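Trainee: fold the following and give me the result.
(chains A, B, C and D)
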Protein chains: 2
Amino acid sequence: MYISTKTGYALRAMIELALTGDKQPLSIAELANRQQLPSKYLERLFSLLKKSELVKSRKGTNGGYLLAREAETITLQDVMHAVEESHYYTYCRHQKIDADYCQGLSCHLRGFWDRIGTDLESYFSNINLQSIINKYIRGDHEANLFE
Amino acid sequence: MYISTKTGYALRAMIELALTGDKQPLSIAELANRQQLPSKYLERLFSLLKKSELVKSRKGTNGGYLLAREAETITLQDVMHAVEESHYYTYCRHQKIDADYCQGLSCHLRGFWDRIGTDLESYFSNINLQSIINKYIRGDHEANLFE
DNA sequence: TAATAACATACTGAATTAGTAGGAGTTCGC
DNA sequence: GCGAACTCCTACTAATTCAGTATGTTATTA
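Mentor: Residues are numbered from 1 along each chain as shown, chains lettered A, B, ... in the order given. Below you'll find the predicted structure:
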C-alpha cells in the first residue's frame, strides 16, 4: 500500500496555494516552477482538483488557481480522493463481490474491509492543509497535526 | 490509495490456515479450492509468505502449509508487507528525494509523510489474524478488532 | 486584438498487478 | 524403491495504472 505521487504533487501545489493566500491566483507555470513539477502533468491534476471543487480558477492574463475554501477545511482525504481517479474501489478492490453470490469467508471479510476503509478515511479526513503547514512548514512542534 | 488484491487473497488464505489449526497442513490446491482463488497465483503468494516466515511448509504427499506463529501474533501489517514486494517505498514513493538536494517545501513535507507512514504502519500492526476471526468470522460483536 | 492562461483530449512508455505455464526438487505411502 | 502428491522456481502474458508529453481550443484581460 502506498500513496501515489499524484497525491504528493497535488498536496505540494495545494500547500503552495495556501501559502500564497487569495490575494492573486497562481498560474500552473508558476506553481510548476516553484515546486519543480512537470507543468503539463500538474495541469491535469488541477483539472481534477477543480472538478472536486477544491480550487477555483481564473482564465486569461494574470489568471491561475486559488483555493476554493479555507485551508483549514481542505483535508488530505479531499485531495487524495480528487486526484486518484481509479475506477476501482479506493480501498480493497478485491471486494468486487457479487452481492447475490455472497457466501463464505470472503463475504465475512467484507465487513472487515469496510471497517478498514472507514478508519483510513477518517484518519485522512482529520488532516487539513493548515495543520500540515503549521506543523511541518512553519515548524511549530507544539502544533497538532489533527484537528 | 488502496489495498491490493494480493493482500486480500493472502489474508483470506492465512485466515483459512488459522481456522484449520496446526493439526495438519493445508495444500495450495485445497486452499485455492476453499477460497476460490487461482491456485498458481496463490502458490506465488505463499512463497512470499514463507520468505517472511509467516507460514511453514511440508513437502510431499499430505504436505502443505501451516501458520508459522500463533494467529494472535500475525498482523495485517505482516501480511501486507510480505506480499507487496514493490521496490518502491511502501508509503509515499514520491519521497525519493536526493538528500543532498533537500530544500524547499517537498523537503519539509518529508517529515509529514514519514509521520503518515508510521501512523499507518502502527494501525495495521495492531490488527491480528485472531482478532479478525473473532470479530468478523465468528461474529462476536463485543470483540475488539485492536489488541 | 494579441498575449496569456485555463481547459480538453489523446497519446506514449514504464511499472505494477494479476494470472498462467511448465518443470525441477522433496517427501510420503505403498 | 517407485510413483503420486506436494512445494518450489522461473519465465511468460495481458490488463491496468502511473507518470509524463503533445497539441490544440476556449476564455479573459491588458
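Trainee: contacts only, for the spatially closest residue to A:Ala29 that is not a sequence neighbour.
Mentor: Computed as C-beta to C-beta, 6 or more residues apart in numbering or on different chains, the closest residue to A:Ala29 that is not its neighbour in sequence is A:Ser39, at 5.9 Å. Backbone N, C-alpha and C define where each C-beta goes, glycine included. Residues near A:Ser39 by C-beta atoms under 8 Å, 6 or more residues apart in numbering or on different chains: A:28-29, A:31-33.
Trainee: and A:Lys128, its phi and psi?
Mentor: Let me fix one detail, which is that residue A:128 is Asn and not Lys. phi -120, psi 160 (degrees, to the nearest 10).
Trainee: count the neighbours of it for me.
Mentor: 23 (other C-beta atoms under 10 Å in any protein chain shown).
Trainee: follow-up on the earlier one: pull up the gap between the residue nearest to A:Ala29 and DNA strand C, please.
Mentor: 8 Å (C-beta to the nearest atom of the strand, to the nearest Å).
Trainee: returning to what we had before: which one (most neighbours) among the contacts of A:Ser39?
Mentor: A:Leu31 (23 neighbours).
Trainee: that one: which element?
Mentor: helix A:28-35 (DSSP states H and E).
Trainee: ok, that helix near DNA strand C or not?
Mentor: Yes - contact of helix A:28-35 with DNA strand C is found when judged by C-beta under 7 Å from any atom of the strand, involving A:28-29.
Trainee: tell me what that helix is packed against?
Mentor: helix A:5-20, helix A:39-51, strand A:64-67, helix B:104-125 (3 or more C-beta pairs under 8 Å, 6 or more residues apart in numbering or on different chains; DSSP states H and E).
Trainee: could you point out which of those sits nearest A:Phe124?
Mentor: helix B:104-125 (8.6 Å; C-beta to C-beta).
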